[in-house]
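1. for reference, the sequence and a predicted model appear below.
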Amino acid sequence: MKVGRGAETPAFLVMDVVTQANARQAALAPNAPKVIRMEVGQPGTGAPAGAVAAAQAALRDGLPMGYTEALGLPALRARIARHYMEWYGLALDPARVAVTVGASGAFPLAFLAAFDPGDRVAMAAPFYPPYVNILQSLGMLPVMLETGPDSRFQPTVAMLEALHPRPDGVIVASPCNPAGTMLQPAELAAIAGWCHAHGVRLISDEIYHGLQYDAPLATAATSPSAIVVNSFSKYFSMTGWRIGWMVLPEDLVRPVERLAQNMFISAPHIAQIAATAAFDCTQELEANVATYRRSRAVLLKGFPDAGFARLSPAEGAFYLYADVSDRTHDAQGFCRRMLAEVGIAAAPGVDFDRTRGNRFIRFSYCGAEADMIEAVERLKIWR
Ligand SMILES: Cc1ncc(COP(=O)(O)O)c(C=O)c1O
């Protein structure tokens, strides 16, 4: 029987580590030290109180939760547009905002609106695995730009210039996953300018905006041709509400609307109400960021003594990408042993880089601060 190319989509390997970590935790005696979860990039904090209260009030008031317009509730689109003025000083027309089912729901819409099967889309390796897996399932061709610490795991205009033929699209992420590194505003502007000048569609994944530690932040929404993807899953701590957004160039608003009408109809109504209120929960959200900042400092100080000295120069997100080539060339086996022997779950680099990933591990520090302190102690002994 025929199966489609989508049936060959690779697994997101970190989810396998989640399964292993769950099994390990379930097998432990009740008072044994628990498994420390550093494999997933999911804030443990839950939605901010104001967002939960808004959802509760809507349900209590009996608001019927129907479909919304495909591009989202007008109030949420307007609030997102205001956010661009508040964070970046950018006047944004709410008509260019599309509310999506997480950033994940934005990718197929963006890729289908911007590219055709056979189109080449460049991105830095290491990369967030679904970029590649979704592009391939749609018949598009990911093109890898091998990056390392010298360009802070980010692409450069010179790398794009060196590509022949020129790509049809470019994906950037700043801060990025897995390395946590950022493009300087001038670097992002240079890439956006190069893409616009050459008719190359830029997709800028800005999902980790708000989680930067003293590094300057810039958005690609200033480019007239770029697609910006963002989400309520990280800074806003609302992963399970499945809500995100795009800022679209004028020419793609109606195409994305038509695709969204057909593929999703709309993002969840209740999540859109909660998300609108989340913008007013700054105090709580900044307290989360302060926790990440402290956890990052704990790891940057303690990891070198625990045998992880070669860390990505991460200015943002909640990840450290560790080069472990002095300890193993089998990141998956290394992660399995680390889980079995010291109860720490981390993500093997093979998910993020198919050629060099076996020499890297990604540690996520969005869990409890006390867990990060404990992780350093366990790893120092394990070393
Ligand atoms: C870089 C990046 N983009 C997009 C996503 C998807 O996020 P969501 O669909 O929860 O908005 C993630 C999730 O970890 C991510 O790390």
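-> Good, I have the coordinates.
2. and after the host helix or strand of residue 339, which helix or strand comes next?
-> Applying DSSP states H and E as the criterion places residue 339 in helix 331-342. Downstream of helix 331-342, the first helix or strand assigned by DSSP H and E is strand 344-348.
3. quick one: that next one to chain centroid distance?
-> From the chain centre to the centre of strand 344-348 is a distance of 17 Å (C-alpha atoms, centre = their mean, to the nearest Å).
4. partner strands of that strand, with direction?
-> Paired with strand 344-348 in the same sheet, following DSSP bridges, are strand 36-38 (parallel), strand 360-364 (antiparallel).
5. the inter-axis angle of the longest one versus helix 331-342?
-> The directions of strand 360-364 and helix 331-342 differ by 50 degrees, with axes from the mean of the first three to the mean of the last three C-alpha atoms, to 10 degrees as the criterion.
6. contacts made by strand 360-364 with the rest, please.
-> Residues outside strand 360-364 that contact it (C-beta atoms under 8 Å, 6 or more residues apart in numbering): 14, 37-41, 126, 178, 299, 303, 308, 318-325, 331, 334-335, 346-349, 351-353, 375. Glycine gets a C-beta too; all of them are placed from N, C-alpha and C.
7. of those residues, buried ones?
-> Buried subset of those (neighbour count, 16 or more other C-beta atoms under 10 Å): 14, 37-41, 126, 178, 299, 303, 308, 318-324, 331, 334-335, 346-349, 351-353, 375.
8. so which of those also contact the ligand?
-> By C-beta under 6 Å from any ligand atom, the members of the buried ones among the contacts of strand 360-364 lying near the ligand are residue 41.
9. how about the residues of the chain by the ligand?
-> Close to the ligand, as judged by C-beta under 6 Å from any ligand atom, the chain has residues 41, 102-104, 128, 173, 177, 205, 207, 231, 233, 239, 244.
10. show the buried residues in those.
-> Buried by 16+ other C-beta under 10 Å: 41, 102-104, 128, 173, 177, 205, 207, 231, 233, 239, 244, out of those.
11. which members of the residues you listed are the farthest-apart pair?
-> 173 and 239 (17.2 Å; C-beta to C-beta).
12. in this structure, what residue spans correspond to helices?
-> Per DSSP state H, the chain carries helices over the ranges 14-27, 49-60, 74-88, 102-114, 129-137, 157-161, 185-197, 250-263, 269-278, 282-302, 331-342, 369-382.
13. got the angle for the fourth one vs helix 129-137?
-> Going by the same axes, to 10 degrees, helix 102-114 is angled at 30 degrees with respect to helix 129-137.
14. would CSV of the helices of the chain with distance to residue 220 and mean pLDDT be doable?
-> CSV is the format used below for the helices of the chain (distance: least, C-beta to C-beta, whole Å; pLDDT from 0 to 100):
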stretch, distance to residue 220, mean pLDDT
helix 14-27, 26, 90
helix 49-60, 26, 98
helix 74-88, 10, 98
helix 102-114, 12, 98
helix 129-137, 15, 95
helix 157-161, 14, 98
helix 185-197, 5, 98
helix 250-263, 14, 98
helix 269-278, 21, 98
helix 282-302, 22, 97
helix 331-342, 31, 94
helix 369-382, 31, 96
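15. with distance to residue 33 added, can I get these in a markdown table?
-> Compiled in a markdown table, these are given as follows (distance: least, C-beta to C-beta, whole Å):
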| stretch | distance to residue 33 |
| --- | --- |
| helix 14-27 | 11 |
| helix 49-60 | 31 |
| helix 74-88 | 40 |
| helix 102-114 | 33 |
| helix 129-137 | 30 |
| helix 157-161 | 44 |
| helix 185-197 | 42 |
| helix 250-263 | 45 |
| helix 269-278 | 34 |
| helix 282-302 | 17 |
| helix 331-342 | 9 |
| helix 369-382 | 8 |
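16. wait, which of those helices is closest to residue 358?
-> Taking those one by one with C-beta to C-beta, helix 331-342 is closest: 4.9 Å.
17. closest to residue 5 out of the helices of the chain?
-> helix 129-137 (6.1 Å).
18. who touches the closest one?
-> With C-beta under 8 Å, 6+ apart as the test, helix 129-137 has contacts from 5-6, 8-10, 12-13, 104, 107-108, 111, 115, 121, 123, 141-142, 171, 205, 351-352.
19. for the closest residue in space to residue 300 that isn't next to it in sequence, give me the pLDDT.
-> Excluding its sequence neighbours, the residue lying closest to residue 300 (C-beta to C-beta, 6 or more residues apart in numbering) is residue 311, at 6.9 Å. Residue 311 is assigned 95 on the pLDDT scale.
20. spit out the contact partners of the nearest residue to residue 125 once chain neighbours are set aside.
-> Of all residues not flanking residue 125 in the chain, residue 144 sits nearest, at 4.3 Å (C-beta to C-beta, 6+ apart). Contact analysis of residue 144 by C-beta under 8 Å, 6+ apart lists 122-125, 127, 355.
21. so which of the residues you listed wins on neighbours?
-> With neighbours taken as other C-beta atoms under 10 Å, the top of the contacts of residue 144 is residue 124, carrying 27 neighbours.
22. show me what residue 361 is bridged to.
-> Going by DSSP bridges, residue 361 forms beta bridges with residue 322, residue 348.
23. pLDDT score assigned to it?
-> Model confidence at residue 361, given as pLDDT, is 97.
24. pick the one among the contacts of residue 144 closest to residue 33.
-> residue 127 (33.9 Å).
25. OK, contacts around the residue nearest to that closest one when sequence neighbours are not counted?
-> Distances taken as C-beta to C-beta, 6+ apart place residue 352 nearest to residue 127, at 6.1 Å, with adjacent residues excluded. Contacts for residue 352 (C-beta under 8 Å, 6+ apart) come out as 125-129, 177-178, 321, 360, 362.
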